[in-house]
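In: any chance you could fold what I've pasted below:
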Amino acid sequence: MSDSQPPVIRKSVATSTSLATITLQQQQSGSQRPSQRTSSCISGPATLVQNNSLSASSPPSITRSNTNLAVTASIYKAEIFYDHVTRNVSLISLTTSILLAVACFSVGGYVLYTTAPDIYGPLPLLNLPAIFPSLITFLIHLFVTFLLSALGHIHSVSLRWALHREGRLEFNSNPRLFTTAGTDPSFSCGAGRAGRAVHSLYANTAWLFFTTLKYASSSFIVVQWADWQDEIQEKGYPTAFVNVVALFGLGSSILMLSVLAGLCLWKRSRGGAQKQEHIPTWNSNTLGTTLACLQNLHPDSSLAHHPGRAMLPVSQINSVPSPTVPVKVQDSMRNTRTGLANGAMGMVWGTVILACAWLLGMILCSKYDERYDATGGKGWSFVLSWYGISEDDEDDDSNIITADIDFLPPVQATAALFGLFLEFLVCLPQTLVFCMMEVLVGITTDEKTWRKGYVDKVKSSLPSSNPSSDTIRGISLNTPSIINSLSSPQTLTLFVMKPIMYWLLSQSFFLARDPTSRDHASISITVTIVRIIPYAAGNAVLAFWATYMACRRPSGLQPAAWGHVQTLANLVDDWDVGSDGQMFWGDKGVYSGHAQLPGTEDEGYHPGSTGGTEYRHAGTGNVRLAPIDPGAKYL
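Out: Numbering: from 1, shown residues only. All right, here's what the predicted structure looks like:
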């Protein structure tokens, strides 16, 4: 489709008597954004009344054409995708988490009741093959990571709409453990103060604490004495033990996280006419969030579709509307959300530095141990064996740092509790890293979703009669979030990295016990130097990945939004979707609206006027649109 034959602009014109009457009032001064927008729906023929003034004292006048009438009408005509599938999966995961917590308490109580009195206390011994304890630990990490992802989705969805109810939702994805909400007593997520505190600083701190405790406990449930494994098996001693303290820790953490997630779902709205939907949609699609926000406006929100900004990215959200030539490379996430991106990169790279410092410190402690002093005839050497034992000298355990914790009866379990506390401290930085990685992946996914709406010239040249041509690309607004997550390489990579990193950490720093010693209860804190290397390397991979996501500049003529709700509201001018729930973005021909252009006599452009400059318009539709003209000016 050439520029001489502009494509037909599809409009959702409000002509049906079933469509609600929409009254829109806006205050706008100069280049400032509107400060207030209110809407009310009354049954009857559809009409649109708009007040747009340059100052508070100037009389109102109609300053927008029927194009913007269609935009506003399409907002209220569009149907929000509630996403029952994701909601049901989240509720099932919440129920499963509660059952798992009960199972942990039940198994722990049974072990305490049935274990015979022993000098080791409630630490039942097992006889497992060498690989089983590590494999069981990884599977536990994998399972609880899935449950925590579902609980985290409940938490993030609740936070998103809590921010919206307060008029503070700017971006679709937010760092949920570093963002507070619930200051408005009219819209609480639970009963009374407890409901308003779901997203408070204290609740976020509790969420961080129990998340870290969950991973720390998962690392210590089944423990083995790794470097003595063969010798212990030959002598017929048990090779592993069940840490009941860690089992209770896992049950407690999962139960508390389930309680916090459950409070997020507790609906309690007050305020009469201000009552809004508790969670308008469970879908995390950034356009679905924007549509839900437009249909459920906060009284003090300025969110609306502003014409003349069809080619302005989020980095120019405060710029005045003006004819804009498309750029081929967009601004990065770091240029848009500088504080968040820099904080995330600093936290991830800081963890890499800590891991490298840990590795270096353990090497120095082992190398300069007096037992391996070179003057004594036994020089120190680095061993690459996973168990830290040299194949040439099986008695050389210089690459294993061990600290024994001895406790006399009846306080043997205190040793396991102390070890769990140390593991908690080690896991805490990793939990913070994954919290920031989640939001980086979320923001990147928001932008990736938005950029699916533009089809380049090659794909646009396909005949529209081809049934597969309309499904090559496009933004799907009706796909459940869980389906999008399972098909997203970034989300799957992050999901897999979580259990792997915590498992590597548990193998580098773990509890151990010597079942051959019967005179006292001794539990050892063991660090195997060689195992720190893959853990540090894994954090380095996360750091490079985070840097790439934060600094990457998307290519293409489509303006970058990075999940910014107001920017998406400006860029979308037709919320009607196709039969498959798809939306496309592209060139829609010569601009036929009436935008506020500063510097003109009437501060507007009238198409067809003498001496007028022809501008083009970009927007959305439910079919593939024409490609963007890189040399044209767009409004």
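
In: give me the element the closest residue to residue 349 other than its chain neighbours is part of.
Out: Computed as CB to CB, 6 or more residues apart in numbering, the closest residue to residue 349 that is not its neighbour in sequence is residue 543, at 4.9 Å. Quick note: C-beta positions are derived from backbone N, CA and C, even for glycine. Residue 543 belongs to helix 529-551 when assigned by DSSP states H and E.

In: report the separation between residue 584 and residue 477.
Out: Computed with CB to CB, to the nearest Å, the distance linking residue 584 and residue 477 is 12 Å.

In: kindly report the same for residue 538.
Out: 36 Å.

In: looking at the two, which is more packed in?
Out: For residue 538 versus residue 477, the count of surrounding residues by other CB atoms under 10 Å is larger for residue 477: 23 against 19.

In: what sits against that one?
Out: For residue 477, the contacting residues are 81, 283, 285, 287, 288, 291, 577, 581, 582, 583, by CB atoms under 8 Å, 6 or more residues apart in numbering.

In: and the nearest residue to the second one once chain neighbours are set aside, how many neighbours?
Out: Spelled out, it's residue 283. Distance criterion CB to CB, 6+ apart; nearest residue to residue 283, sequence neighbours excluded, is residue 83 at 3.9 Å. Residue 83 is flanked by 24 other residues according to other CB under 10 Å.

In: my guess is residue 83 contacts residue 480, does it?
Out: Yes - applying CB atoms under 8 Å, one finds residue 83 in contact with residue 480, separated by 5.3 Å.

In: list the buried residues for stretch 422-432?
Out: Neighbour-count burial for stretch 422-432, counted by 16 or more other CB atoms under 10 Å, picks out 423, 424, 426, 427, 428, 429, 430, 431, 432.

In: who's in contact with it?
Out: 208, 211-213, 215-216, 219-220, 347, 350-351, 354, 501-502, 505-506, 509, 511, 525, 539.

In: show the average pLDDT along that stretch.
Out: Stretch 422-432 comes out with an average pLDDT of 92.

In: pull the CA atoms of it into CSV?
Out: Extracted in CSV, the C-alpha atoms of stretch 422-432 (Å, rounded to 0.1, in the frame of the first residue of the first chain):
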residue,chain,number,x,y,z
LEU,A,422,23.7,-18.8,58.2
GLU,A,423,22.1,-20.1,55.0
PHE,A,424,19.4,-17.5,55.3
LEU,A,425,22.1,-14.7,55.3
VAL,A,426,23.7,-16.3,52.3
CYS,A,427,20.4,-16.6,50.3
LEU,A,428,19.3,-13.0,51.1
PRO,A,429,21.3,-11.2,48.4
GLN,A,430,20.3,-13.8,45.8
THR,A,431,16.6,-13.2,46.7
LEU,A,432,17.0,-9.5,46.1
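
In: before we move on, back to that, dump the buried residues of stretch 422-432 to TSV, plus distance to residue 136.
Out: Below are the buried residues of stretch 422-432 laid out as TSV (distance: CB to CB, whole Å):
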residue	distance to residue 136
423	16
424	20
426	20
427	18
428	24
429	25
430	20
431	22
432	26
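
In: and which of these is nearest residue 152?
Out: Of all those, residue 152 sits closest to residue 431, with 11.6 Å by CB to CB.

In: which strand or helix spans the closest one?
Out: helix 413-451.

In: what are the boundaries of the helices in the stretch 301-450 of the chain?
Out: Remark: helices assigned in the stretch 301-450 of the chain by DSSP state H, counting those that start in this stretch are 333-336, 338-367, 413-451.

In: for residue 553, find the nearest of these.
Out: The closest of the helices of the stretch 301-450 of the chain to residue 553 is helix 333-336. By CB to CB, the value is 8.3 Å.

In: residues touching the closest one, excluding its own?
Out: For helix 333-336, using CB under 8 Å, 6+ apart, the contacting residues are 314-315, 341-342, 440, 443-444, 447, 549-552, 560, 562, 564.

In: also stretch 88-108?
Out: 144, 146-147, 150-151, 153-154, 244, 247-248, 250-252, 254-255, 257-258, 261-262, 282, 482.

In: what subset of the contacts of stretch 422-432 is buried?
Out: For the contacts of stretch 422-432, buried by 16+ other CB under 10 Å: 208, 211-213, 215-216, 219-220, 347, 351, 501-502, 505-506, 509, 511, 525, 539.

In: among those residues, which are in strands?
Out: 509, 511, 525 (DSSP state E).

In: looks like residue 363 contacts residue 530 (just checking).
Out: No - contact criterion CB under 8 Å: residue 363 and residue 530 do not qualify, at 10.2 Å.

In: overlap in contacts of those two?
Out: Common neighbours of residue 363 and residue 530 (CB under 8 Å, 6+ apart) are residue 382.

In: low-confidence ranges, the stretch 301-450 of the chain, go.
Out: Along the stretch 301-450 of the chain, segments meeting pLDDT under 70 span 369-380, 385, 387-398, 404-413.

In: mind doing that once more with 80?
Out: Scanning the stretch 301-450 of the chain with the threshold set as pLDDT under 80 gives 366-416, 418-419.

In: chain neighbours aside, what residue packs nearest to residue 306?
Out: Residue 306 sits nearest to residue 570 (CB to CB, 6+ apart), 5.3 Å away.

In: shouldn't the one you found be within a helix?
Out: Yes - Residue 570 forms part of a helix when assessed by DSSP: H, G, I helix; E, B strand; the rest coil.

In: before we move on, back to that, residues shared between the contacts of residue 83 and residue 480?
Out: Common neighbours of residue 83 and residue 480 (CB under 8 Å, 6+ apart) are residue 283.

In: residue 567 contacts residue 317, correct?
Out: Yes - counting by CB under 8 Å, residue 317 is a contact partner of residue 567 at 5.8 Å.

In: more neighbours, the two?
Out: Neighbours per residue (other CB under 10 Å) separate residue 567 from residue 317, with residue 567 holding more: 25 against 17.

In: quick check: phi and psi on the more buried one?
Out: Backbone torsions for residue 567, taken as degrees, to the nearest 10, come to phi -60, psi -40.

In: packing partners of the helix or strand containing residue 586?
Out: If you go by DSSP H and E, residue 586 is part of strand 582-590. Counting contacts by 3 or more CB pairs under 8 Å, 6 or more residues apart in numbering; DSSP states H and E, strand 582-590 packs against strand 475-476, strand 616-621.

In: what segments of the stretch 201-350 of the chain are strands?
Out: 222-224, 240-242, 268-269 (DSSP state E, counting those that start in this stretch).

In: for the second one, what is the average pLDDT?
Out: Right, the one you point to is strand 240-242. For strand 240-242, mean pLDDT rounds to 75.

In: so what strands line up beside it?
Out: On the basis of DSSP bridges, the sheet neighbours of strand 240-242 come out as strand 125-126 (antiparallel), strand 222-224 (antiparallel).

In: flag every buried residue along stretch 314-334.
Out: 314-317, 321-324, 326, 330-334.

In: from residue 222, how far out is residue 131?
Out: 12 Å.

In: ok, now residue 524?
Out: Separation of residue 524 from residue 222 (CB to CB) stands at 16 Å.

In: counting neighbours, what do you get for residue 363?
Out: 16.

In: can you give me every residue that contacts the residue nearest to it when sequence neighbours are not counted?
Out: Distances taken as CB to CB, 6+ apart place residue 529 nearest to residue 363, at 6.1 Å, with adjacent residues excluded. By CB under 8 Å, 6+ apart, the contact list for residue 529 reads 359, 362, 363, 366, 382, 383, 388, 399, 400, 401.

In: I appreciate the help and will end here.
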